[in-house]
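Student: no sequence on this one, just coordinates:
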Ligand code: NAD
Ligand code: TYD
C-alpha cells in the first residue's frame, strides 16, 4: 500500500486532490494530510472522508522541522505531494514576508526531511520514493497579447509578484535538490484552477458570491487581462499521472488552452447564474451587468498567462476532460448546494480582509 504525505490538503486544490485520489484508489492507498489550517485551510472540505481508516490529518506548519521530521520518522512515506503555500497574489503584494516563509522555507523543510528519510548511506535513494512539487505558471511571468505566445517548460523563469517570486524560488530549490543529490522529484506548473472549495478571495468564487448577494463585481484595470482556466479535477488527475508515469526530474506544464479575459469570465458567470436560477429565486432579480465595477488595477498586474500543454499531452496522454461551459456550471451548482460553507468562510476574518483589500480601489 502506497503512503502519501499531502501538504496543504485542507486548501482548495489539495482537498480536491484528496477526493480524487480516494475516488480513484479507494483503500489501496493511505493519505496523511499535513496542514497548518491558515485562513485558507478548512477541514470542512474533507468532511466526507475524515473517518476513513486510511486517512490521517496532522495539524502542523511545514516550516516546523521537528513536526515534519516526526511524520517521516513515524511513517514510511512513499509519495510527497506538496501543495501547502500562501497562494493569493493580492495578499502577497500587501504582506510578502509570510510568502517567503511558507513557500520558500517551508519547501526547503519538506525537501530536507524527505531527503533525510529516503537517502541511503551511499547517497542514492530508496526505490520508488517520489516528491511532487505543485507550482504555478505565474513563475514564467507575463505574456504579450499575442495568440502565438505560450509558456513552455523551457520558458525563462521571470516572476513579478511576491507570490510568483516565492513559488519560483521554491521551484529552483526543488531543481537544486534534483541536480545536486538526484533527489527523486518532479515539478508541475499549472494554470489558474477553478471548482468546488475555492476560497472567495479568488476571482471566480468571489464573483459568484458577490453576484448572488447583489454586490459590486470588482474588475481590476481594463478587465482584459487573460488567464488560462482549468477545472481543478483535471489538475488533480494530471498530478497523479505525472507522479506515476512521468519521467523523474522533469517539469510538466499543465493547462487546457482555455484562455479568457477576466471580463469574459464575469459575463459567463452572470449569464450562467441567470440560466441556472429559477425565476422564483429572489436573487435572480439583482443579477445583471450593472454590478460590474472597474476598480484600481493590481500593482504589477501580469497581462496574460497561457500554457502550452504539449509535453504532458504527448508524453503522458493527459488531456483536460472538463470544458469550461460544463466546469463553470458544476462549480456554480456546488456553491448553490454549499451556502453554509460560503457563509462560514466569509464571516469574521474574511469580512475584514474584503473591506481592507477593496476599500482604496
Ligand atoms: P489554498 O490557499 O487554497 O490552500 C493552501 C493550503 O496550504 C491551505 O490549506 C493552508 O492552510 C495550507 N498552508 C498554508 N501555509 C501553510 C504552512 N505554513 N504549513 C502548512 N500548511 C499551510 O491554495 P490552492 O489554490 O489550493 O493552491 C495549492 C497549491 O497549488 C499552491 O502551492 C499553489 O501555488 C499551487 N497552484 C495554485 C493554482 C490556483 O489556481 N489556485 C494554480 C497553480 C498552482
Ligand atoms: P486571481 O483569482 O487572484 O488569480 P491570479 O492573480 O493568481 O491569476 O485573479 C485572476 C484574475 O482576475 C487576475 O487577472 C486578477 C483579476 N481579479 C479581478 O479583476 N478582480 C478581483 O476582485 C480579483 C480577486 C481578481
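Tutor: Noted; the coordinates are in hand. All figures in this text were calculated on a predicted structure; none of them were measured in a lab. Ligands and ions are numbered 1, 2, ... in the order given.
Student: can you give me how far the top helix by length along the chain is from the chain middle?
Tutor: For the chain, the helix with the greatest residue count under DSSP state H is helix 162-181. Chain-centre distance of helix 162-181: 17 Å, with C-alpha atoms, centre = their mean, to the nearest Å.
Student: Report whether that helix contacts ligand 2.
Tutor: No - Helix 162-181 is not in contact with ligand 2 by C-beta under 6 Å from any ligand atom; minimum separation 7.2 Å. Placement of C-beta: from N, CA and C, glycine included.
Student: Please enumerate residues in contact with that helix?
Tutor: If you take C-beta atoms under 8 Å, 6 or more residues apart in numbering as the criterion, helix 162-181 is touched by 85-89, 91-93, 96, 99-100, 102-104, 107-108, 111, 115, 119, 123, 131, 133, 135-136, 138-139, 141, 157, 159, 183, 185, 187, 189, 249, 251, 302.
Student: Do a quick rundown of the helices in the stretch 1-150 of the chain.
Tutor: Per DSSP state H, counting those that start in this stretch, the stretch 1-150 of the chain carries helices over the ranges 12-25, 65-74, 89-94, 97-99, 106-118.
Student: Which strands or helices does the longest one pack on?
Tutor: Looking back up the chat, that one is helix 12-25. For helix 12-25, the packing partners by 3 or more C-beta pairs under 8 Å, 6 or more residues apart in numbering; DSSP states H and E come out as strand 2-7, strand 29-35, helix 232-245.
Student: do you know which of those lies nearest ligand 2?
Tutor: helix 232-245 (12.9 Å; C-beta to the nearest ligand atom).
Student: ok now the following helix or strand past the closest one, how far from the chain's centre?
Tutor: Remark: after helix 232-245, the chain's next helix or strand is strand 251-254, criterion DSSP states H and E. Mean-position distance between strand 251-254 and its chain equals 14 Å (C-alpha atoms, centre = their mean).
Student: same for strand 251-254, what does it pack against?
Tutor: Helices and strands touching strand 251-254, by 3+ C-beta pairs under 8 Å, 6+ apart, are strand 185-190, helix 232-245, helix 310-316.
Student: so what's the closest residue to residue 33 other than its chain neighbours up against?
Tutor: The spatial neighbour of residue 33 that comes closest, neighbours along the chain excluded (C-beta to C-beta, 6 or more residues apart in numbering), is residue 9 at 3.4 Å. Neighbour list for residue 9: 15, 17, 18, 31, 33, 34, 35, 46, 57, 83 [criterion: C-beta under 8 Å, 6+ apart].
Student: Kindly provide the distance from the residue nearest to residue 199 when sequence neighbours are not counted to residue 198.
Tutor: In this structure, residue 199 finds its nearest non-sequential neighbour in residue 40, 5.3 Å apart by C-beta to C-beta, 6+ apart. Distance, residue 40 to residue 198, by C-beta to C-beta, to the nearest Å: 10 Å.
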